[in-house]
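Q: Here is a sequence with its predicted model. Questions after.
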Amino acid sequence: MKTLHVNLLIIGGGPAGLAAAYGAYQAGERDILIVERDNRLGGILNQCIHNGFGLHRFKEELSGPEYAQRYIDMLKDTSVNVLSDTMVLDLSSNKVATISSFENGLMKVEAKAVILAMGCRERSRGAISTPGDRVAGIYTAGAAQKYCNIDGYLVGKRIVILGSGDIGLIMARRMTLEGAKVLADVELCPYSNGLARNIAQCLNDFDIPLYLSYTVTDIIADKDHKRVSKVVISKVDEKRNPIPGSEISFDCDTLLLSVGLIPENELSKKAGVRLDRRTKGAIVKDNLETSIEGIFACGNVLQVHDLVDNVSAEGEKAGRSAAEYIKEGEKVSATVSSLPGEGLGYLCPQILRKEGSEENVDLFFRVRTPLKQSVLEVYGDGKLLKRIPKIRLVPSEMESVRLKRSELAGLKEVSVVAKEVTR
């Protein structure tokens, strides 16, 4: 079996992988290989033809393909190599990947450092145990987006959407613009899980009703038992149990699911990388290095982001960190644990180094439930370090707090708390 030797292997050529390659190259690394399973770079951005990307990174509004092309162009005149149409089948803890492609067959790639940038996948109907008939006409929102924007197929004409994540909201608008009738967006939680701008632009602007604290309780097939003909939704109580007598029926031919994303961490598990039960991604240090020395993680495989600009920033940081590791090796440093406190769903990175090349350390998180006028409190070993007022906090928007690395001296644990301000 042929073996390739590279300094840096990046698994995934989406926004995180492209940014990681750019960050590593800018930091001086020249021997970089991106392995991408699709036939082109860009990842999920290629099917996101709507605008709204790049406002932070490039200071202008771009579509998904335009955003991806910016990074592809930035890498054009570099020494970064790409293997597309190539699947990574296995990754070991000593940074040896087994890859396969039609053109090159089975090969090994031995690397000095690896960056995991595999992205995430959508939760399916089976993952949420939706009752009803098993028939055609049920798609994840991302699959419907690919059929529509890449392949040119309209998946349905009368549509119900379960879940108010950003992909579902965007597809509500997209289906409407393509001539379909979106009857309802149904959300289990008492609040939306999408960005406020997407609620306004994708639902409100098209008079699509949003049913909060509702879920799908039945899917009814047509007379031939081939396709969806009706979807029944029911209101849920505080424990998310359906309330009898609250049913609403919609005559439709399609149900789209936008019920959450899961980091694609099968390769991470094969390499022995420790995962966080909250994020479902890797446990990382503030330089984005996982529990396996020389293996780094970034983008949606680490934590699910709401803005691609943040994915790119994280990817570039992972690239710089990997380049530093290749050049200087592992640097031993005392560490501080970071733990989510009251009101937080998770905190990432989970391990903070007391010594590092960057002066500041950024902690990223999401709150569990919407909070109105609120405050973020950062504690070190139980002592209040800083207090940050916020107008509002919502689960759909990732937040961050910044600490100076010098503030970590003498600490064993850092935690962040989010709570509403009571008057």
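A: In hand now; what should we look at? Residues are numbered from 1 along each chain as shown.
Q: where along this protein do the helices fall?
A: Per DSSP state H, the chain carries helices over the ranges 15-26, 64-76, 125-128, 141-149, 166-177, 196-198, 266-270, 308-328.
Q: Could you save these as CSV and add columns showing mean pLDDT, mean neighbour count and distance to Lys108?
A: In this view, the C-beta of every residue, glycine as well, is placed from N, C-alpha and C. Shown next, in CSV, are the helices of the chain (pLDDT from 0 to 100; neighbours: other CB atoms under 10 Å; distance: least, CB to CB, whole Å):
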stretch, mean pLDDT, mean neighbour count, distance to Lys108
helix 15-26, 98, 28, 20
helix 64-76, 97, 18, 24
helix 125-128, 89, 14, 33
helix 141-149, 97, 20, 31
helix 166-177, 96, 23, 36
helix 196-198, 90, 16, 43
helix 266-270, 97, 17, 14
helix 308-328, 97, 23, 19
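Q: do you know which of those lies nearest Met1?
A: Nearest of these to Met1, taken as CB to CB: helix 266-270 at 17.7 Å.
Q: Tabulate the helices of the chain (TSV), appending distance to Ser258.
A: TSV is the format used below for these (distance: least, CB to CB, whole Å):
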stretch	distance to Ser258
helix 15-26	20
helix 64-76	17
helix 125-128	11
helix 141-149	4
helix 166-177	3
helix 196-198	11
helix 266-270	23
helix 308-328	17
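Q: tilt between whichever strand in the chain runs longest and helix 308-328?
A: Ranked by number of residues, the top strand in the chain under DSSP state E is strand 105-116. For strand 105-116 against helix 308-328, the angle by axes from the mean of the first three to the mean of the last three CA atoms, to 10 degrees is 100 degrees.
Q: could you say what helices and strands strand 105-116 packs with?
A: On a contact count with 3 or more CB pairs under 8 Å, 6 or more residues apart in numbering; DSSP states H and E, strand 105-116 meets strand 2-11, helix 15-26, strand 32-35, strand 96-101, strand 295-297, helix 308-328.
Q: Could you export those to CSV, including columns for distance to Gly52?
A: Converted to CSV, the helices and strands packed on strand 105-116 look like this (distance: least, CB to CB, whole Å):
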stretch, distance to Gly52
strand 2-11, 26
helix 15-26, 14
strand 32-35, 25
strand 96-101, 34
strand 295-297, 26
helix 308-328, 9
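Q: between these, which gets nearest to Val231?
A: helix 308-328 (31.3 Å).
Q: That closest one packs against which elements?
A: strand 2-11, helix 15-26, helix 64-76, strand 105-116, strand 295-297.
Q: Would you mind giving the ones you listed as JSON lines with distance to Thr335 added?
A: Converted to JSON lines, the helices and strands packed on helix 308-328 look like this (distance: least, CB to CB, whole Å):
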{"stretch": "strand 2-11", "distance to Thr335": "24"}
{"stretch": "helix 15-26", "distance to Thr335": "23"}
{"stretch": "helix 64-76", "distance to Thr335": "32"}
{"stretch": "strand 105-116", "distance to Thr335": "20"}
{"stretch": "strand 295-297", "distance to Thr335": "16"}
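Q: looking at those, which is closest to Val417?
A: So among these, strand 295-297 is nearest, using CB to CB, at 26.0 Å.
Q: Can you spell out which helices and strands pack onto that closest one?
A: Looks like strand 295-297 contacts strand 105-116, helix 308-328 (3+ CB pairs under 8 Å, 6+ apart).
Q: Next, format those as a markdown table and append distance to Lys239.
A: A markdown table is the format used below for those (distance: least, CB to CB, whole Å):
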| stretch | distance to Lys239 |
| --- | --- |
| strand 105-116 | 37 |
| helix 308-328 | 33 |
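Q: for the ones you listed, which one sits closest to Asp185?
A: Using CB to CB, the helices and strands packed on strand 295-297 put helix 308-328 closest to Asp185, at 22.6 Å.
Q: So what's the gap between the closest one and the chain middle?
A: For helix 308-328, the gap between its own C-alpha mean and the chain's C-alpha mean amounts to 17 Å (CA atoms, centre = their mean, to the nearest Å).
Q: between that helix and helix 15-26, how big is the angle?
A: 40 degrees.
Q: Now do helix 308-328 and helix 64-76, the angle between them.
A: Going by the same axes, to 10 degrees, helix 308-328 is angled at 20 degrees with respect to helix 64-76.
Q: tilt between the longest strand of the chain and strand 2-11?
A: Going by the same axes, to 10 degrees, strand 105-116 makes 30 degrees with strand 2-11.
Q: Just the C-alphas of strand 105-116, formatted as CSV.
A: Output in CSV follows, covering the C-alpha atoms of strand 105-116 (Å, rounded to 0.1, in the frame of the first residue of the first chain):
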residue,chain,number,x,y,z
GLY,A,105,-7.1,3.3,-4.5
LEU,A,106,-6.2,2.6,-0.9
MET,A,107,-3.3,4.6,0.7
LYS,A,108,-1.8,5.6,4.0
VAL,A,109,-1.0,9.2,5.0
GLU,A,110,1.5,9.7,7.8
ALA,A,111,1.4,13.2,9.3
LYS,A,112,3.3,15.1,12.0
ALA,A,113,0.0,16.9,12.8
VAL,A,114,-3.7,16.4,12.0
ILE,A,115,-6.6,18.9,11.9
LEU,A,116,-10.1,17.4,12.2
